[in-house]
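Student: fold the following, please.
(one chain, ligands or ions: 2)
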Amino acid sequence: RGSYASDSSDSVISTSSEADSQVYKVVLLGEHGVGKSSLARVFGGVEDASHDCDEAGNTYDRSMLVDEEEASIVLYDIWEQDNSQWLKDQCMRMGDAYIIVYSVTDKSSFEKASELRIQLRRARQSENIPIILVGNKSDLVRSREVSVDEGSACAVVFDCKFIETSASLHHNVQDLFEGIVRQIRLRKDSKEE
Ligand code: GDP
Ligand code: MG
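Tutor: Ligands and ions are numbered 1, 2, ... in the order given. Prediction:
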């Protein structure tokens, strides 16, 4: 519990004088090709679709108003930046919240998502970290391999939230990030009691 508090309080990063202003670190996890970078670009407001290449990892800063309260998020799209175990370990340690992405058109990415959930639980055992399971590419109706029911059942088993998105259509992406902020706030409030 003590280590959670020091991880998430970000007193060094926060430059505002407001006591409750804070930067939340959100980390994207998931297999290659599921749409992590696409979701991150929608979040970051990067309109340029020609940017659709696999370059090194990126981070995106954004403030958003959620339930009339400002929240600052740094979104890390660095999971695939290199193949080092060091980076993977670092990713598992650094987040205040996680977005585990699979593609609804790719069953094996769905299975990988479960693995990542287990790894995350192992890495952060005593902590109750907010996690959202995301089934992306919901627009690709004809090539769907994972149903909505399978996705939400998995989320129940793994005790995390669930949403389907389409980065291409920008569908549910805003909801996803608002959901993350609400979850972080909820866990925080329950810890402070
Ligand atoms: P990453 O490897 O997880 O970062 O995945 P990318 O964001 O690079 O996306 C992989 C491919 O899937 C790219 O060609 C994207 O244009 C495509 N893609 C990503 N999200 C969606 C989506 O919601 N719908 C569709 N149809 N394609 C998507
Ligand atoms: Mg990527």
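Student: where does pLDDT dip in the protein?
Tutor: Applying pLDDT under 70 to the chain picks out residues 1-21, 47-56, 193.
Student: can you list the residues of it near ligand 2?
Tutor: Taking Cβ under 5 Å from the ion as the contact definition, the chain meets ligand 2 at 36-37. The C-beta positions use only the backbone N, C-alpha and C, and glycine is treated the same way.
Student: all strands for the chain, in order.
Tutor: Counting by DSSP state E, the chain has strands at residues 23-30, 58-66, 69-77, 97-103, 131-136, 161-164.
Student: closest to residue 189 out of those?
Tutor: strand 69-77 (12.2 Å; Cβ to Cβ).
Student: determine the longest helix present in the chain.
Tutor: Across the chain, the longest stretch assigned as helix under DSSP state H is helix 173-192.
Student: how big is the angle separating it from strand 23-30?
Tutor: Orientation of helix 173-192 against strand 23-30 (axes from the mean of the first three to the mean of the last three Cα atoms, to 10 degrees) gives an angle of 120 degrees.
Student: do helix 173-192 and ligand 1 come into contact?
Tutor: No - shown here: helix 173-192 not in contact with ligand 1 (Cβ under 6 Å from any ligand atom), separated by at least 9.0 Å.
Student: got the contact list for that helix?
Tutor: Contact with helix 173-192 is made by 1, 4-5, 8, 24, 26, 39, 42-43, 64, 66-67, 71, 73, 96-97, 99, 128-130, 132, 134, 161, 163, 165-167, as judged by Cβ atoms under 8 Å, 6 or more residues apart in numbering.
Student: tell me how far residue 63 lies from residue 70.
Tutor: Counting by Cβ to Cβ, to the nearest Å, the gap from residue 63 to residue 70 is 6 Å.
Student: likewise residue 62?
Tutor: Going from residue 62 to residue 70 by Cβ to Cβ gives 11 Å.
Student: near ligand 1, which residues of the protein are found?
Tutor: 30, 32-38, 52, 136-137, 139-140, 166-168.
Student: which of those residues lies closest to ligand 2?
Tutor: Nearest to ligand 2 among the residues of the chain next to ligand 1 is residue 37, at 3.2 Å by Cβ to the ion.
Student: excluding residues flanking it in the chain, which one is nearest the closest one?
Tutor: Nearest-residue entry for residue 37: residue 77, 5.4 Å, with adjacent residues in sequence omitted and distances by Cβ to Cβ, 6 or more residues apart in numbering.
Student: how many neighbours does residue 163 have?
Tutor: 20 (other Cβ atoms under 10 Å).
Student: that one contacts residue 171, correct?
Tutor: No - counting by Cβ atoms under 8 Å, residue 163 does not reach residue 171; the two are 10.0 Å apart.
Student: which residues does the residue nearest the centre of the chain contact?
Tutor: Closest to where the C-alpha atoms of the chain average out (Cα atoms, centre = their mean) is residue 99, at 2.2 Å. Applying Cβ under 8 Å, 6+ apart, we find residue 99 in contact with 26-30, 39, 131-132, 134, 176, 180.
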